[in-house]
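> Give me a model of this one.
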Amino acid sequence: MDTTRRLLTDTDAADILQMPAARLARFAKANKVPYVRLPDGEIRFDPDDLREWVETLKQPANVKGTGQ
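Residues are numbered from 1 along each chain as shown. Sure, this is the predicted structure:
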C-alpha cells in the first residue's frame, strides 16, 4: 500500500458516496463495503477500494432504441 495515500473516515467516505455516515457504517459492519480496520478498532476507507466497489454496483442501461 502506498503509505502517502490518505484513508478516509466514515464521514469523508460517506460524503463522497453521497450517503449518510450511519448507513456506510452499517454496510461496513455487514461487510457490504470494503474497509480497513485500524489496530485501535477505528474503521477507515481506501478511496481506490470505494471506486472499485461502486463500479460493481453499476447496472446496465435497458435501452431498447434511441427513438430517432
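> ok, residue 47 touching residue 8?
Yes - applying C-beta atoms under 8 Å, one finds residue 47 in contact with residue 8, separated by 6.1 Å. The C-beta positions use only the backbone N, C-alpha and C, and glycine is treated the same way.
> who's more crowded, those two?
Neighbour tally, residue 47 and residue 8, criterion other C-beta atoms under 10 Å: the higher count belongs to residue 8, 21 against 14.
> so who does the more buried one touch?
Neighbour list for residue 8: 16, 44-47, 50 [criterion: C-beta atoms under 8 Å, 6 or more residues apart in numbering].
> Report the set of residues contacting both of residue 47 and residue 8.
residue 16.
> related to what we said a few turns ago, what's the closest of the contacts of residue 8 to residue 22?
Each of the contacts of residue 8 was checked against residue 22 using C-beta to C-beta; the closest is residue 45, at 14.5 Å.
> what's the spacing between the closest one and residue 64?
Distance, residue 45 to residue 64, using C-beta to C-beta, to the nearest Å: 38 Å.
> if you count what's nearby, which of these two comes out ahead?
The neighbour count for residue 45 versus residue 64, taken as other C-beta under 10 Å, is higher for residue 45 (23 against 6).
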